[in-house]
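Trainee: test case, fold it:
(3 chains)
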Amino acid sequence: MPRSSWTQRLEPYLMLAPAGVWLFLLLILPTLMIFQISLVPDIKPGDLVNPSSLGNYLEIFDPIVLWIVARSIGLSIATTVLCLLLGFPVAYWIALLAPRRWQNLLLLAFVLPLWTSSLLRSYAWISILRPTGVLNTILSFLHLPTLDLMNQLPAVLIGMTYSLLPYMVLILYASLEKLDRRLLEAAADLGAKPLEAFLQVTVPQVLPGIAAGVLLVFINAIGDFVNPELLGGPSSMTAARLVYSKFLGASPDWGMGSALSALLIMFVTLSIVLLLKYGDKNARTL
Amino acid sequence: MDSQQFGSTDKGLPPGLTRRSRRRFLQQAGQVALGLGLTQGLSSCGWRLGNVRSGPVKASSDELFLYTWAQYVDDDLLRDFQAKSGLKTIRELFDSNEKMIAALQAGKGDSFSLLYPSEYFIPKLVKAKLLAELDHDRINGLNNLMPQFRRSIADADNHYGIPFAWGTTGLIYNQEKVSDEIQDWDYLWKNKEKLLRKMSLLDDYREVIGFCLKTLGYSINETQPDRIKEAYEKLSRLKPFISSFTTDGWRTKLAAGDLWIAMAYSSDAIGLLKENPKLRYIIPKPGGTRWSDWMVIPKSAPNPNAAYAWMNYLLNPEVAANVSQRLAVTTPNAAAIPLLPSELQTNAVSYPPPDIMARCESMTALTPEAEKLYAKYWTQLTS
Amino acid sequence: MAQLLSQTSSDTNVQGALDIELRKVFKVFDGEAAVRGVDLDIRQGEFFSILGPSGCGKTTLLRLIAGFETPTAGDLLIRQTSMVGIPPYRRPVNTVFQSYALFSHLTVEDNIAFGLKIQKMSRGEIQARVFEALRLVQLEPLAKRFPSQLSGGQQQRVALARALVNRPTVLLLDEPLGALDLKLRKEMQLELKRLHQQLNITFVMVTHDQEEALTMSDRIAVMNGGKLEQVGTPSQIYDRPQSQFVAEFIGDTNIISGKIEGSHPAMLWVKSDDGEKIQVQPTMSGQRLLTAGRVAINLRPEKIQLLRSDPRQDGMALEGMNCFEGSLVSTLYLGTHVNCVIRLQSGRTLLVRQPSPETVSKIAGPVYVLWSPQDCLALALPE
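Mentor: Just a heads-up that it's a prediction; the model follows:
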C-alpha cells in the first residue's frame, strides 16, 4: 500500500475532529466546569474554583429540594405518558392509515408548532387556559362548568405535553413508517385479530422508536422551565426552574445550582445508558 | 432548553407584554451566557469564577454604553441626548439586579459606562469594588434632588451614584371585581377564600417577605430570624390562595379580569391606570417599600466622560420632567416637579402625599446571614 | 411425524373433492382490474401453481384466497364455505410470504409458535407442535436464534414451519423461492415437494418461474392480464398450449404463422407466410376441428431434428414429415444442450435444440431440419 497505515488509522479521527472539538468545548468542558463549581462551598463570582467539599450536594437533600426534584420527575413522567398516549395514535394514523400523498403534509402540520418560539406557545396556552380565556369562554357558551387550570400543575402538564408532542409524533412516525406491513398480514394470516396483531407485532416492532421517543420527551420535560414558569403557580417549582433561580434569581447560589445541575445531568445520563442497554436488546432482534 | 429563544425583543412578545416594565421574565437570556462566561485564566493552579477585567478600553470617546432597565430609556431620549451632547448611546438591558451584577462579575465591567442598580444594591457593588467614586465637581444640579435622595442610607452624600427614578410597592386592584375599599395588607388574608387564585404577589423575596414583615409590625429590613420565620409562616397561609409569584405576568391578567388584585411597583401601575380607570393603586397600611433606581459608574467604565454627560443631562429639570412624563417614572428631581402638568404633580400614585410616604420604608442591604434566611424561606415558599 | 402436522384422514381427502373454488372473481384497484372473472377449482391435496408474468394478477389471486383482498365481484369458497367477508384470521389457510415476513423481534421458536399462542393452545401442545415443525424443516438446532441470524434458506424454512404448524387446509406460497440462489432453489423445490407428499395437504403456489411450476405442480394455471389462459397438468400446458400466450410463456418455441390450405380429419396442410408447406396434426378450436383460416404453428425447438445431409437423398422414410433445408447461423452452448439458429431458404429462422454439442460445433454448408406433424400444434389466429 502506498499510503502509510497511520494516516489511514488517523482518517476517521480527523473526520470526527470538528464535531469532537465542538462537543468538547461546548458540552464536555462546561459540564466539567459545572461539576467543579458544584464542589466549592459558598462560591462567589471572582472566587478561585477550588473543589473542596460536598456541602452543596448536602443542600440538595433538604426535604424541600427533594420534593421539588420528585415533582419534576413526576411531571416529566406524566408528560411522557401523555405524549405517548396522544402521539401514538396520531403517528400510527399518519404512517399507516392516511393516504400516502397526504403523509408529508400531515406531518408538516404536526411539526409546524415547532417553528414558533416555545415561549410564544406557552403564552398562547395562557390565553387559552386563563379563567376568562378561550377554553372557559367556550365551556360557558355550552353551559358547561368552567375549569380553573391556570397557574396549577394541570396547566403546566398541558403546556409541556403540547410542546413535546411533536417530537414524540415525529419519532414514532419514523418508526411506524418503517414497519413492514406484511408482518401485520402475516399475523392476521396466523390467526391474530387486529388488536392481537397490534399488541404482539406492531408494538414490539416499534419498541425502539417508542423508547427513543420516551427518552427524548422525558429529558426535554426534565429540562423544561418555560412552561412551569409561565403556566405554573406558586406550587409548581421544578428542578430546572430551581437551577435557573439559583443562577439568575434573586438569591443566587451557584454552587448549589451547579450541584443540582450535576445531579440532573447524572440522572439523565443514567436513564440514557439504561435505555441504550435496553434498546440494544431490541436492536439485536432487528 | 435552548436559551436563544429568551433573548426576546419587544417584537417577539405578544401584545400586552410589549409595554416597557422595570422587570421582565426571561428578558435577557444573553446574560445567562454572560453569567456563566466564567473563564479568565485557566492557570496552572485552577480558574476563577468570573473576574473583573481591567484592560485597555476600546471604546471611542463619542460613545456611551448604558446598562439599564427596559423602562428607563427610549429612542427619543437617546436621540435628544445625542443632539445635545454629540454622544452616541449604545444600550443593553437587564431585568434584575442579580443579572446585572453577574454580568459585571463575569468580566463585562469594561463594557458599560453607566449602570442603573437599585438603591439597596449599591452597597453590594461597592463591597465588590466595582464602582468608581463620583467627582462632584463634574456634576451639575445635584442640589435639584429631593432631600431624601441626598441622604440615602445606601449611598450617603451621593458618593457613588445619583438617583434616576423612584417609586413605591403596593397593591393594584380591579374595582369592578373588588368592591371593598382596600386599606390594609391583611385584606388579602381575611378574604383569601373569595380571592382564590385571583391575586398575585411579586416574584421578589425582599418585597414579598418585606411587606409581610411590615404587616407584623416589623421593618422590611428585618434581620431577626424568629421574625423572618413569623413572616414566612404568615405568607405560607396565603400561598395556597394566590395565583402566582410574578413580577410581570400580572399585567395582562389584571386587565383581562383573570386577576383581581396584584402586588405591584408603582412604576408599572402608573401606565396601567392611565389606560384602565377601573384599576386602583394603593399603598396599604401599615405601609410598603420605597424603592429607587440609581445611576452609577463602574470602575472599569469606558469613556466615563460620557457617563457624566448623561448624568448631567438627566439632572436638568426640564429633561427630568420630560422623561418622567413620557416614560411614566417618578422623578427624584425636585426642580422638575413644578414643570410637570398639574394633574401629574398631584397624582397620588406617582407622588404620594407625605402622610402615605411616611409609611414607606427604603430597602437596605441585609446581613449575609439574614439574606440566606430570606432565600431559604423564599425557596420553600415558591416550591 | 407428519401425522401431527397434517389433518390427513382419508375420507376427507377424496379424489376430486374441492378445496378452493373461485366463481367469476373480479378484483378492481382504482378502476384497474387486476383479476377479471376468474373461475377456478383447486382440488384437495394437489400441488397447484399459478404461473404468469409479473403484473398478471397471480399474487392478487393468492391474496384474495388468503383474505388480504376482498373480491370486487364473484364468490370464493374454501371447502364449500363462502369466504366473502371472512377476514384472513378466520380462514383455514396459511401463507408463506414472498420475503417470509418473519417477526424480527421473536426467535425462530416463537415465530413458529405465534399462531398456536394466538389460538390459546396449551403450553405443552405448543411445545410438541413447534418441535415437530422444527424437525420437519430440519431447524431444531436454530430454535433460539433470531431471524436476522439465519440465512435466506433457513428463513424460508422458518416461514414454512410457521405456516404449517397451524395445520392449514391449504398452504399458500407467494413466490416462495424467489429470493434464493439457484442451488438453494433446487434444494428447496425438492424440500417443498417432499413436504407436500408427506403432509398431503393442498399447496397453492404463485410463481413466475415456468420451470419451477412445471417440475413441482400437479396442475398449473397460467394467468395473463388478470385472466386464466389455461389450467392443466404440466404436460398439457407444455405440449398442448391452448393459446399463443401460453405457448410462448412456457419454454422456448418457434411460432410460424400461416394459412390453412387443406384439411383432413387426420392432418392439416398449412402454407406459412414465407411459403413453406407444413403438415400439422389437427387441433380443436373450441368444440370444432380447425379446418380453415389463419393459424400460428407452435413448434418446440427440442422437437426438431437437425441433419447434416438431405434425408430425402439418404432414402429416409419422410412420408408425412416436415423437412426443410437451411444453414446454421449461430450456436449457443448451454451446458446440457446447444441452441442453434437455422435460417431456412425462405429466410425464416428457427430455433433448434440439440442434445450433444459435438454434433453441431463444426457444421458448415447446408443443414436439414426435420419434424413430425405430431410435434407441432396449430393455434387459430384472429382474422
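
Trainee: which residue does the stretch 251-383 of chain C have closest to chain A?
Mentor: Distances between the stretch 251-383 of chain C and chain A by CB to the nearest CB are smallest at C:Gly251, namely 32.1 Å. In short, each C-beta sits where N, CA and C put it, glycine included.

Trainee: quick one: mean pLDDT for the top helix by length along chain A?
Mentor: Identified as the longest helix of chain A according to DSSP state H is helix A:254-285. Here helix A:254-285 scores 78 as its mean pLDDT.

Trainee: what do you get for stretch B:65-80?
Mentor: 90.

Trainee: what's the pLDDT at B:Leu34?
Mentor: With respect to pLDDT, B:Leu34 has a value of 39.

Trainee: burial of A:Ala70, as a residue count?
Mentor: By other CB atoms under 10 Å in any protein chain shown, the residues close to A:Ala70 number 11.

Trainee: if you could redo that for A:Trp102, that was the one I meant.
Mentor: Using other CB under 10 Å: A:Trp102 sits among 11 other residues.

Trainee: coming back round to it: which elements pack onto the longest helix of chain A?
Mentor: helix A:29-37, helix A:55-60, helix A:63-92, helix A:207-223, helix A:239-248 (3 or more CB pairs under 8 Å, 6 or more residues apart in numbering or on different chains; DSSP states H and E).

Trainee: contacts for the helix or strand following the fourth one?
Mentor: This points to helix A:207-223. Next helix or strand after helix A:207-223 toward the C-terminus (DSSP states H and E): helix A:226-231. For helix A:226-231, contacts defined as CB atoms under 8 Å, 6 or more residues apart in numbering or on different chains pick out A:75, A:118-119, A:122-123, A:125-126, A:129, A:150-151, A:155-156, A:158-160, A:163, A:236-238, A:240-241, A:244, B:1, B:5-6, B:25-26, B:249.

Trainee: just give the closest residue to the closest residue to chain B within the stretch 151-300 of chain C, not the sequence neighbours.
Mentor: Closest residue of the stretch 151-300 of chain C to chain B, CB to the nearest CB: C:Gln155 (46.0 Å). Among residues not flanking C:Gln155 along the chain, C:Tyr100 sits closest, at 4.9 Å (CB to CB, 6 or more residues apart in numbering or on different chains).

Trainee: who's in contact with that neighbour?
Mentor: By CB under 8 Å, 6+ apart, the contact list for C:Tyr100 reads C:147, C:155-156, C:158-159.

Trainee: want to throw these into JSON lines with secondary structure, neighbour count and pLDDT?
Mentor: Output for the contacts of C:Tyr100, formatted as JSON lines (DSSP: H, G, I helix; E, B strand; the rest coil; neighbours: other CB atoms under 10 Å in any protein chain shown; pLDDT from 0 to 100):
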{"residue": "C:Pro147", "secondary structure": "helix", "neighbour count": "22", "pLDDT": "94"}
{"residue": "C:Gln155", "secondary structure": "helix", "neighbour count": "21", "pLDDT": "93"}
{"residue": "C:Gln156", "secondary structure": "helix", "neighbour count": "25", "pLDDT": "91"}
{"residue": "C:Val158", "secondary structure": "helix", "neighbour count": "28", "pLDDT": "95"}
{"residue": "C:Ala159", "secondary structure": "helix", "neighbour count": "26", "pLDDT": "95"}
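
Trainee: farthest pair in these?
Mentor: C:Pro147 and C:Gln156 (10.9 Å; CB to CB).

Trainee: show me what the top strand by length along chain B is packed up against.
Mentor: Counting residues, the longest strand in chain B under DSSP state E turns out to be strand B:161-174. Judged by 3+ CB pairs under 8 Å, 6+ apart, strand B:161-174 is in contact with strand B:261-265, helix B:266-275, strand B:279-282, strand B:289-296, helix B:304-315.

Trainee: which elements pack onto the second one?
Mentor: This points to helix B:266-275. strand B:161-174, helix B:250-256, strand B:279-282.

Trainee: just the ones you listed: most buried one?
Mentor: Each of these was scored by mean neighbour count; the highest is strand B:161-174, a mean of 25, by mean count of other CB atoms under 10 Å in any protein chain shown.

Trainee: which helices and strands does the very next helix or strand once past it pack with?
Mentor: Downstream of strand B:161-174, the next assigned helix or strand under DSSP H and E is helix B:186-190. Helix B:186-190 sits against helix B:225-238, with contacts defined as 3+ CB pairs under 8 Å, 6+ apart.

Trainee: now what about the helix it packs on, what contacts it?
Mentor: For helix B:225-238, contacts defined as CB under 8 Å, 6+ apart pick out B:188-189, B:192, B:208-209, B:212-213, B:215-216, B:218, B:222, B:370, B:373-374, B:377, B:380-381.

Trainee: same thing with stretch C:83-95?
Mentor: By CB under 8 Å, 6+ apart, stretch C:83-95 touches A:185-186, A:188-193, C:62, C:65-68, C:70-71, C:75-79, C:115, C:162-164, C:166, C:168-174.

Trainee: coming back round to it: what's the closest of the helices and strands packed on helix A:254-285 to C:Glu261?
Mentor: Closest to C:Glu261 of these is helix A:63-92 (CB to CB; 69.3 Å).

Trainee: does chain C sit close to the helix or strand just after the closest one?
Mentor: Moving toward the C-terminus from helix A:63-92, the next helix or strand (DSSP H and E) is helix A:100-111. No: using CB under 8 Å from any CB of the partner chain, helix A:100-111 never reaches chain C; the gap is at least 12.6 Å.

Trainee: quick one: buried residues of helix A:100-111?
Mentor: A:106-107, A:110 (16 or more other CB atoms under 10 Å in any protein chain shown).

Trainee: nearest to chain C among those?
Mentor: A:Leu106 (21.2 Å).

Trainee: list the contacts of that closest one.
Mentor: Contacts of A:Leu106 (CB under 8 Å, 6+ apart): A:94, A:98.

Trainee: swap in A:Lys193?
Mentor: Contacts of A:Lys193 (CB under 8 Å, 6+ apart): C:Tyr89.

Trainee: show the backbone phi and psi for it.
Mentor: With angles defined as degrees, to the nearest 10, A:Lys193 sits at phi -70, psi 160.

Trainee: what's opposite C:Gln322 in the beta bridge?
Mentor: For the record, residue C:322 is Asn, not Gln. Note on C:Asn322: beta-bridge partners C:Trp371, judged by DSSP bridges.

Trainee: that one and C:Glu248: what is the separation?
Mentor: From C:Asn322 across to C:Glu248, the span is 20 Å (CB to CB, to the nearest Å).

Trainee: so between the two, which is more surrounded?
Mentor: C:Asn322 (21 against 14).

Trainee: C:Gln374: neighbouring residues, count only.
Mentor: There are 12 residues near C:Gln374, going by other CB under 10 Å.

Trainee: let me fix that: C:Leu172
Mentor: Residues near C:Leu172, counting by other CB under 10 Å: 25.
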